[in-house]
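Enquirer: Any chance you could fold what I've pasted below:
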Amino acid sequence: MRRNGTAGLLAALVVAATALLVVYPKEAFEAAADGFRVFLDMVFPSLLPFFIVSEAMLGLGVVHGLGVLLEPLMRPLFNVPGVGAFALSMGLAAGYPMDAVITARFRRDGLCTRVEGERLLAFTNTADPLFMFGAVAVGMLRQPAVGLPIALAHYLGSFTVGIAFRWWGRDEEPPRPESRRGNILLRAWRELLRAREEDGRPLGRLLGDAVTQSMQTLLLILGFIMFFSVIFRLLDVLGAVAALQAPLGTLLRLAGLDPRLVPAILSGLFEIDIGSAQVAQTAAPLFQKLVVIGAIVAWSGLSVHGQVAAVLAGSDIRYGPYVLGRLLHLVSAAAYTALLFPLAGLAAPAFGLAGAGSAVLDPLGLPAFGSALAYSATRAMALFGALLGGSLALSALLVLARAALAQVRGRPPAAGSRDARPAAGRRRALVVLRVRRPGGRGRWRG
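Expert: From the prediction side, this is the model:
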């Protein structure tokens, strides 16, 4: 009965959406065009190189080798396997939903358990720095200085979620096999060779498959961006946004925020790019706009949520922990943004944008990057390399520290001490035998 009711409700919603598309074709077309422009100008050139590279690295076994090297870093901090550092680096450099694609692939390939995949997805799903420094700070707000507090708060919130999720699902987690001993570099090399042998595809076919799968995933992302852009526009035309203006405005006043931010917040609930642009255009104090943008970027919008849910459909990773992680990230990122606002070195104006007359925003509030966004791929790649290199360095330091600690605990005694004799001699000294002579008393003999 409950399933039938859900199916009926979904059918009614689909019919209503179809009718609205027929009644408001002009508004739907404009919203779809806006979503397509966001995808073409920002999402496509930012994500395509990373999708191809990640597929190639997985097929070549590089990720498997990196997982062995980074296990000493990721396991103590976030209780996830070492390959999680690859997903974290890709997510930080490329943004939504890169990490979800990689995590789902890890789960399908058996590189992580279901619980580990849920932990990983909860904190690696982040926006890319180009979006925060370029699109938001420069293009939308026309304040390059605010990029640092927004990005720093976003990533601090992400790591906060990762540490909080360290204990997620511990009762459901299967016993983990004991870590293998031996030279970590040799183990990483053997794992790389084993993974490459299991894949077995020649390089040409591997690259062709990587491009094909990347384009399929990007078309999926495009569909979700356009769909949610149209849905929000239709809700706005029907007056749903205006109806929520009064009650949500009251809540914002209680929180000390400008009620004129309500339409932009509702837009950000659906789509991160359009919502952030509308917040930037709102005549609210700069401090409040940054806090709201930090929350919207951390939430990432129902459009990204739909993309993540679609990507996870082929695995057993649950969607619920991801939503919980987004809510925790929303709160922590907004709090960190408020705390880090002085890093911008700006005084928050009472109303409007500083220097708003010096630049004219397009209808979406996005910068006219055009072909310049192709250059962002190289910057993001450099960031990915730096993050991965730093993770490897930290992991190496942890391995060396553990080896040094083990050396100190098991160091040989000083010369001339009572215990300086050979270990075999000490073991023989501890063995005491009772020998009984025939017909006589036994005597103790060491």
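
Enquirer: who's in contact with stretch 289-297?
Expert: With contact meaning Cβ atoms under 8 Å, 6 or more residues apart in numbering, stretch 289-297 is reached by 127, 131-132, 136, 141, 146, 149-150, 153-154, 157, 257, 261, 264-265, 268, 272, 275-276, 279-280, 282, 330-331, 333-334, 336-338, 341, 344. For the C-beta atoms, the positions are set from N, CA and C on the backbone; glycine is no exception.

Enquirer: Could you name the helices and strands sitting against the helix or strand hosting Phe123?
Expert: Following DSSP states H and E, one finds Phe123 within helix 114-124. Applying 3 or more Cβ pairs under 8 Å, 6 or more residues apart in numbering; DSSP states H and E, we find helix 114-124 packed against helix 62-78, helix 84-94, helix 98-108, helix 147-164, helix 320-340.

Enquirer: Determine how far the next helix or strand after it lies from the middle of the whole chain.
Expert: The helix or strand immediately downstream of helix 114-124 is helix 129, counting by DSSP H and E. Using Cα atoms, centre = their mean, to the nearest Å, the mean C-alpha position of helix 129 is found 12 Å from that of the whole chain.

Enquirer: hey, which helix or strand in this protein has the poorest pLDDT?
Expert: Ranking every helix and strand in the chain by mean pLDDT, DSSP states H and E puts helix 423-430 at the bottom, with a mean of 44.

Enquirer: if we can go back for a sec, pull out the buried positions in the helix holding Phe123.
Expert: Arg114, Val115, Glu116, Gly117, Glu118, Arg119, Leu120, Leu121, Ala122, Phe123, Thr124 (16 or more other Cβ atoms under 10 Å).

Enquirer: Ala31: which of those residues is nearest?
Expert: Leu121 (29.0 Å; Cβ to Cβ).

Enquirer: That closest one reaches Ala100, doesn't it?
Expert: Yes - between Leu121 and Ala100 a contact is recorded at 6.1 Å, counting by Cβ atoms under 8 Å.

Enquirer: winner for burial among the helices and strands packed on helix 114-124?
Expert: Of the helices and strands packed on helix 114-124, the one with the most neighbours on average (mean count of other Cβ atoms under 10 Å) is helix 84-94, at a mean of 28.

Enquirer: quick check: angle from that helix to helix 62-78?
Expert: Orientation check (axes from the mean of the first three to the mean of the last three Cα atoms, to 10 degrees): helix 84-94 against helix 62-78 gives 100 degrees.

Enquirer: Which neighbouring elements make contact with helix 84-94?
Expert: helix 44-60, helix 62-78, helix 98-108, helix 114-124, helix 374-409.

Enquirer: pLDDT below threshold where in the stretch 251-400 of the chain?
Expert: Scanning the stretch 251-400 of the chain for pLDDT under 70 picks out 344-400.

Enquirer: my bad, the stretch 101-250 of the chain
Expert: For the stretch 101-250 of the chain, the ranges with pLDDT under 70 are 174-182.

Enquirer: and Gly314, that one's in a strand?
Expert: No - according to DSSP: H, G, I helix; E, B strand; the rest coil, Gly314 belongs to no strand; its state is coil.

Enquirer: Tell me who's in contact with it.
Expert: Ala104, Arg108 are the contacts of Gly314 under Cβ under 8 Å, 6+ apart.

Enquirer: For it, give me phi and psi.
Expert: Phi and psi for Gly314, reported as degrees, to the nearest 10, are phi -90, psi 10.

Enquirer: Please apply the same query to Gly110.
Expert: phi 80, psi 20.

Enquirer: Just give me the neighbour total for it.
Expert: 7 (other Cβ atoms under 10 Å).

Enquirer: Next, work out how far apart it and Glu198 are.
Expert: 11 Å (Cβ to Cβ, to the nearest Å).

Enquirer: likewise Ala7?
Expert: 41 Å.

Enquirer: which residues do Leu121 and Ala100 both contact?
Expert: Applying Cβ under 8 Å, 6+ apart, one finds that Leu121 and Ala100 are jointly contacted by Val308, Leu312.

Enquirer: I'd say His56 and Leu206 touch.
Expert: Careful, residue 56 is Ala; it's not His. Yes - between Ala56 and Leu206 there is a contact at 6.1 Å, judged by Cβ under 8 Å.

Enquirer: hang on, the earlier thing: Serialize the helices and strands packed on helix 114-124 to CSV and add fields for distance to Thr212.
Expert: Output for these, formatted as CSV (distance: least, Cβ to Cβ, whole Å):
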stretch, distance to Thr212
helix 62-78, 19
helix 84-94, 19
helix 98-108, 14
helix 147-164, 31
helix 320-340, 26
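
Enquirer: Quick one, which of those helices gets closest to Ala31.
Expert: Short answer: helix 320-340, nearest of those by Cβ to Cβ, at 23.8 Å.

Enquirer: Which strands and helices lie in contact with that closest one?
Expert: Counting by 3+ Cβ pairs under 8 Å, 6+ apart, helix 320-340 packs on helix 114-124, helix 147-164, helix 286-299, helix 301-312.

Enquirer: Return the alpha-carbon coordinates of that helix using CSV.
Expert: Listed next in CSV are the C-alpha coordinates belonging to helix 320-340 (Å, rounded to 0.1, in the frame of the first residue of the first chain):
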residue,chain,number,x,y,z
GLY,A,320,21.5,8.9,3.7
PRO,A,321,25.0,9.3,5.2
TYR,A,322,25.9,11.6,2.3
VAL,A,323,23.0,13.9,3.2
LEU,A,324,24.0,13.9,6.8
GLY,A,325,27.5,14.8,5.8
ARG,A,326,26.2,17.7,3.7
LEU,A,327,24.1,19.1,6.6
LEU,A,328,27.1,18.9,8.9
HIS,A,329,29.3,20.5,6.3
LEU,A,330,26.7,23.3,5.8
VAL,A,331,26.8,24.3,9.4
SER,A,332,30.5,24.0,9.9
ALA,A,333,31.4,25.9,6.7
ALA,A,334,29.0,28.7,7.6
ALA,A,335,30.6,28.9,11.1
TYR,A,336,34.1,28.9,9.7
THR,A,337,33.3,31.5,7.1
ALA,A,338,32.0,33.8,9.9
LEU,A,339,35.2,33.2,11.9
LEU,A,340,37.6,33.7,9.0
